[in-house]
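Participant: Mind looking at a prediction? Sequence and model below.
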Amino acid sequence: MVDFNNFKKNLIELAGNNPTKKFLLAVSGGADSMVLASLFEINHLKYEIAHVNYHFRGEDSNLDQKLVEKFCSENNIKFHLRDISEEEKSNMKSLQNWAREIRYEFFFNILEKENLDYIVTAHHLNDELETFFINLSRGSGIKGLSGIPKNENRILRPLLNVSKNEIYDFAKENNIDYREDISNKKDDYQRNKIRHHLTPKLLEIFPNFLNQFQESLSYLNSANQFFQEEIQKTFEEILISGDEKEFVLDKEKLLKKHKTIIVEIIRKLGFTGIEIEKVISSENGKFFRSNSHEISIKRKEIYCKKRN
């Protein structure tokens, strides 16, 4: 069982050992985020709460909002609401990507407006497992398989070592109210299919699987940190000139490196899969465009330009 008594100590370490930091909690009303909010309240931390109501589930969405508002009112916590209109929803393409962009834009705007230091989310160990298998199915490199970052881009995830069952147990023991999103029970998304079918089967075969998985993730994360340092060293070595927006790389030096390093350098420019192989094997005069960069091959050099 996870020792929640060390939550404050672990959080402060995650935030750079500065106890004066102020936090913005992303709270949906589900068990994970309501436990997160309760842990902040129990530990007398400085925080505010943000909630996004997408109105995807009619009155259920409104009840989620009311629960979060009730928690904030009872504990005198500042509440921030992003209320999504029908017009906004009519413009979305990929639901999950659109919803994520909406909420994180909202969260970061609050950080700046309220002079807060970190966004805090309630991602947990089961989320790690689901993300691992999703990335594995996509052919991700070591970075994609090494786990969800605990601290990245001013976003903290202090519950990554806590399982979903441990969250439910803590909520029950401490009489924490929460809402269940019935859409999570459907198999509409790959993540839900993993949650409902693959994870239970793994735990049936290997009862201690989550603990062993967590240990393996720790090894992978350490390896990834070393690997990313090597990639950065190589990038600096092959950089001929330029800045963040436009730069020139030494193609000859790059191609002398280990294939894995070459692939990851090209991946950093926004290319994936077969596109990476095309860039590596390309001849003089070839031009390529990814979501983030445009590159052109000119004899012994690779000219790179960041797209707006």
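Facilitator: Perfect, thanks for sending it.
Participant: tell me what the strand or helix carrying P200 is packed against?
Facilitator: Secondary structure from DSSP states H and E places P200 in helix 199-205. Using 3 or more CB pairs under 8 Å, 6 or more residues apart in numbering; DSSP states H and E as the contact test, the elements touching helix 199-205 are helix 125-137, helix 209-238. Using the backbone N, CA and C atoms, a C-beta is placed for each residue, glycine as well.
Participant: which one of those is the most hemmed in?
Facilitator: helix 125-137 (a mean of 18; mean count of other CB atoms under 10 Å).
Participant: circling back to that earlier point, closest to V162 out of the helices and strands packed on helix 199-205?
Facilitator: Of all the helices and strands packed on helix 199-205, helix 125-137 sits nearest to V162, with 5.9 Å by CB to CB.
Participant: can you pull the contacts of K172?
Facilitator: Applying CB atoms under 8 Å, 6 or more residues apart in numbering to K172 gives no contacts.
Participant: at 10 Å what do you get?
Facilitator: A31 (CB atoms under 10 Å, 6 or more residues apart in numbering).
Participant: Just the mean pLDDT for the helix or strand that contains it, thanks.
Facilitator: Taking DSSP H and E as the criterion, K172 maps to helix 164-173. Here helix 164-173 scores 96 as its mean pLDDT.
Participant: list the buried ones in that helix?
Facilitator: 164, 166-167, 170-171 (16 or more other CB atoms under 10 Å).
Participant: which stretches of the chain form helices?
Facilitator: 7-14, 31-42, 59-75, 86-89, 95-114, 125-137, 142-145, 164-173, 190-193, 199-205, 209-238, 251-255, 259-267, 273-281 (DSSP state H).
Participant: CA atoms only for the last one, dumped as PDB, please.
Facilitator: Extracted C-alpha coordinates of helix 273-281, given in PDB (Å, rounded to 0.1, in the frame of the first residue of the first chain):
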ATOM      1  CA  GLY A 273       8.500   5.800 -39.300                       C
ATOM      2  CA  ILE A 274       9.400   5.500 -43.000                       C
ATOM      3  CA  GLU A 275       9.800   9.200 -43.300                       C
ATOM      4  CA  ILE A 276      13.000   8.900 -41.100                       C
ATOM      5  CA  GLU A 277      14.400   6.300 -43.400                       C
ATOM      6  CA  LYS A 278      13.800   8.500 -46.400                       C
ATOM      7  CA  VAL A 279      15.600  11.500 -44.800                       C
ATOM      8  CA  ILE A 280      18.600   9.300 -43.800                       C
ATOM      9  CA  SER A 281      19.000   7.800 -47.300                       C
END
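Participant: Report all helices and strands that that helix contacts.
Facilitator: helix 251-255, helix 259-267, strand 287-289 (3 or more CB pairs under 10 Å, 6 or more residues apart in numbering; DSSP states H and E).
Participant: Distance to F40 and mean neighbour count for those - can I get that in a markdown table?
Facilitator: Output for the helices and strands packed on helix 273-281, formatted as a markdown table (distance: least, CB to CB, whole Å; neighbours: other CB atoms under 10 Å):
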| stretch | distance to F40 | mean neighbour count |
| --- | --- | --- |
| helix 251-255 | 46 | 16 |
| helix 259-267 | 37 | 18 |
| strand 287-289 | 44 | 15 |
